[in-house]
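Visitor: after the sequence you'll find the predicted model.
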Amino acid sequence: MVPLSAFGPKPFVVHSPTEPKLPFVYASPHSGSIYPAELIADSRLDPKTLRRSEDAFVQDLFGAAPGLGAPLIEALFPRVFLDANREPYELDQSMFAEALPNFANTTSARVSLGLGTIARVVSNGSEIYRRRLMVAEAEARIEGLYFPYHTALKQLLLTARAHFGGVVLVDCHSMPSTGGPMDEDSGRARGDMVLGDRYGMSCDPRVVELAERTLRRMGYRVTRNEPYAGGFVTQNYGRPHEGLHALQIEINRALYMDEVGIRPNAGYARLKNDVAALIAEMGKVDPAWLAPAGERFAQAAQ
């Protein structure tokens with residue numbers, strides 16, 4: 001069993017601004033890169049193969065956010081150990097030696113792919129574990145990692161909303177440059193950036209348009225909601241009528257890293273500078289766009 005203490009006193013880090021200046025919270029749930037020896041021993045896969053499910057370096061790419069006035073939260077635990085962009089109990093019964101609790105979601109599309117809260121496979125479809133897990137192991141991960149991360153994220157959002165009247169959560173991710181064997185776009189080259197807003201449901205469209213316009217002006221190829229429309233985080237926290245907006249950004253890994261060696265490439269510095277410019281430009285949103293629905297109506301009537 002992997003000791004949760006391997007991830008430190010807290011399973012996440014919050015990088016806070018000296019002064020809150022932007023109505024944004026940035027989050028990196030998949031860039032954790034601590035792989036305890038017990039996890040490696042439990043796995044059929046070598047450490048580098050495990051890391052291919054990781055959004056490597058994303059927390060650094062968005063590292064300008066605190067200096068510009070918005071907090072950045074990053075998970076320290078790796079995605080293959082626990083995926084914070086899932087429901088808390090989205091679990092695959094075939095992975096466990098005992099029956100899961102009745103409230104577990106064992107039938108979602110993500111579970112069927114082996115990519116639940118605790119993944120059965122990595123992105124290329126290879127099985128992770130040598131053995132079946134015990135339910136107590138899943139419960140320990142969810143209680144000790146998942147809930148603390150989401151509690152901290154929710155508090156950041158509520159604090160920012162109280163301060164600015166509305167807030168945008170930007171969930172920060174990276175994607176393989178080519179669709180994997182389990183993806184709908186398997187074998188096809190991908191664009192540079194994907195903006196996911198749950199098909200217009202999770203974020204004010206003007207915020208998404210601002211992000212897309214800024215990225216296109218920088219020369220990036222941008223798509224919306226294909227192949228990624230946003231996961232649990234975007235769907236759960238994106239409630240524009242309450243002044244809570246959520247936008248997922250996926251960055252093509254080939255732009256900034258060697259996908260096999262998992263190390264920065266020659267494009268890293270340029271992309272990091274461009275992401276910082278994107279954060280600054282998005283910070284120019286009109287606060288009226290972000291207000292809860294009743295307040296937006298009242299402001300429009302004035």
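Guide: Thanks, I have it.
Visitor: separation between Gly238 and Ala119?
Guide: 24 Å (Cβ to Cβ, to the nearest Å). For every residue, glycine as well, the C-beta is placed using N, CA and C.
Visitor: mind listing the strands for the stretch 101-250 of the chain?
Guide: All strands of the stretch 101-250 of the chain, identified by DSSP state E, counting those that start in this stretch, fall at 167-175, 193-196, 222-224, 244-252.
Visitor: let's see stretch 86-94 as CSV, backbone CA atoms only.
Guide: Written as CSV, here are the backbone C-alpha positions of stretch 86-94 (Å, rounded to 0.1, in the frame of the first residue of the first chain):
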residue,chain,number,x,y,z
ARG,A,86,-13.2,12.5,-12.0
GLU,A,87,-16.1,11.9,-9.7
PRO,A,88,-14.8,10.9,-6.2
TYR,A,89,-15.9,7.3,-6.6
GLU,A,90,-15.8,6.6,-10.3
LEU,A,91,-14.3,3.2,-10.0
ASP,A,92,-13.8,0.0,-12.0
GLN,A,93,-15.0,-3.1,-10.1
SER,A,94,-12.6,-5.4,-12.0
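Visitor: in that stretch, what's buried?
Guide: Arg86, Glu87, Pro88, Tyr89, Glu90, Leu91, Asp92 (16 or more other Cβ atoms under 10 Å).
Visitor: neighbouring contacts of that stretch?
Guide: 99-101, 103-106, 108, 110-111, 114-118, 120, 138, 142, 146-147, 150, 231-232 (Cβ atoms under 8 Å, 6 or more residues apart in numbering).
Visitor: what segments of the stretch 201-302 of the chain are helices?
Guide: 205-217, 232-237, 268-282, 287-290, 293-301 (DSSP state H, counting those that start in this stretch).
Visitor: for the fourth one, name the packing helices and strands.
Guide: Secondary-structure packing of helix 287-290 (3 or more Cβ pairs under 8 Å, 6 or more residues apart in numbering; DSSP states H and E): helix 205-217, helix 293-301.
Visitor: quick one: residues contacting Ser202.
Guide: With Cβ under 8 Å, 6+ apart, Ser202 has these contacts: Gly230, Thr234, Gln235, Tyr237, Gly238, Arg239, Pro240, His245, Ala246, Leu247.
Visitor: at 7 Å instead, please
Guide: Contacts for Ser202 (Cβ atoms under 7 Å, 6 or more residues apart in numbering) come out as Gly230, Thr234, Gln235, Gly238, His245, Ala246.
Visitor: excluding chain neighbours, give the residue nearest to Asp197 in space.
Guide: Cys203 (4.3 Å; Cβ to Cβ, 6 or more residues apart in numbering).
Visitor: hmm, His245 and that neighbour touching each other?
Guide: Yes. With contacts counted by Cβ atoms under 7 Å, Cys203 reaches His245, the gap being 4.3 Å.
Visitor: report the separation between Gly243 and Met201.
Guide: 15 Å.
Visitor: more neighbours: those two, which one.
Guide: The residue with more neighbours, out of Gly243 and Met201, is Gly243; 24 against 14, by other Cβ atoms under 10 Å.
Visitor: pretty sure the more buried one contacts Gly166?
Guide: Yes. Counting by Cβ under 7 Å, Gly243 does reach Gly166; the two are 3.9 Å apart.
Visitor: give me the common contacts of the two.
Guide: Common neighbours of Gly243 and Gly166 (criterion: Cβ under 7 Å, 6+ apart): Leu290, Ala291, Pro292.
Visitor: neighbour-wise, which one of those leads?
Guide: Leu290 leads the shared contacts of Gly243 and Gly166 on contacts (other Cβ under 10 Å) with 26 neighbours.
Visitor: name the nearest residue to that residue, ignoring sequence neighbours.
Guide: Gly166 (2.6 Å).
Visitor: could you do Val58 as well?
Guide: In space, Val58 is closest to Ser31, 4.4 Å off (Cβ to Cβ, 6+ apart).
Visitor: for that neighbour, helix, strand, or coil?
Guide: With DSSP: H, G, I helix; E, B strand; the rest coil as the basis, Ser31 sits in coil.
Visitor: residue contacts, it?
Guide: Ser31 neighbours (Cβ under 7 Å, 6+ apart): Glu54, Asp55, Ala56, Phe57, Val58, Gln59, Glu74.
Visitor: now with 8 Å, please.
Guide: Applying Cβ under 8 Å, 6+ apart, the residues near Ser31 are Glu54, Asp55, Ala56, Phe57, Val58, Gln59, Glu74, Ala75, Cys172.
Visitor: Ala41: which of the residues you listed is nearest?
Guide: Set against Ala41, the nearest of the contacts of Ser31 by Cβ to Cβ is Glu54 (18.7 Å).
Visitor: which strand or helix spans that closest one?
Guide: Counting by DSSP states H and E, no helix or strand carries Glu54.
Visitor: Leu113 versus that one, what's the distance?
Guide: Remark: distance between Glu54 and Leu113 (Cβ to Cβ) = 18 Å.
Visitor: if anything else comes up later, I'll come back, but that's it for now.
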